[in-house]
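Participant: can't give you the sequence, but here's the structure:
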């Protein structure tokens, strides 16, 4: 019998995946409702008068950042541990995720982190830069959700549901 994963890491990996799926669902909702609107420079400039839009932006930026943090700090490291790896730094974690196919580009993920900082700090300072960051975040959101989906497929391939129910692997 060969091990597909280390059983002592199943529960933490499963919990990290469940949280990531919930975070991704919340981000997907906010993303869908935000980007259903025509977002241009005038729209961004109206944020100072439109509290409803500003609140939607805050929700999007918060959820975007939270999912990003969870993926890099919990989800990937816990699934790496499940598979017997123990990357230490964020760069190691992302390099591992890229190597195993959970992430297309570690560099793109780092770019999304920089983007989050722009979204947080440029909203009230530079409307054009904020607009560019918001448009870029549109595509990066899909990348984050894709990482969660790929790791969920990995969990299914490994049979983690069966492992949690006590079935021998």
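Facilitator: Great, that's in hand. Fair warning: this is a prediction, and the values are worked out from it, not measured in the lab.
Participant: low-confidence ranges, this protein, go.
Facilitator: 1, 122-124, 162-169 (pLDDT under 70).
Participant: quick one, helices of it?
Facilitator: Applying DSSP state H to the chain gives helices spanning 10-34, 41-45, 51-70, 76-82, 90-100, 106-121, 127-158, 160-164.
Participant: so what touches the fifth one?
Facilitator: So that's helix 90-100. 72-73, 76-77, 80, 83, 85, 87, 103-106, 109-110, 147 (Cβ atoms under 8 Å, 6 or more residues apart in numbering). C-betas here are computed from N, CA, C, even on glycine.
Participant: of the residues you listed, which is the most crowded?
Facilitator: Per-residue neighbour counts (other Cβ atoms under 10 Å) across the contacts of helix 90-100 peak at residue 76, which has 27 neighbours.
Participant: about what we covered before: the helices of the chain: which one's closest to residue 2?
Facilitator: Counting by Cβ to Cβ, residue 2 lies closest to helix 127-158 out of the helices of the chain; the figure is 12.5 Å.
Participant: buried sites along that closest one?
Facilitator: By neighbour count on 16 or more other Cβ atoms under 10 Å, the buried set for helix 127-158 is 127, 130-131, 133-134, 136-137, 140-141, 143-145, 147-148, 150-152, 154-155, 158.
Participant: quick one: it to helix 106-121, angle?
Facilitator: 130 degrees (axes from the mean of the first three to the mean of the last three Cα atoms, to 10 degrees).
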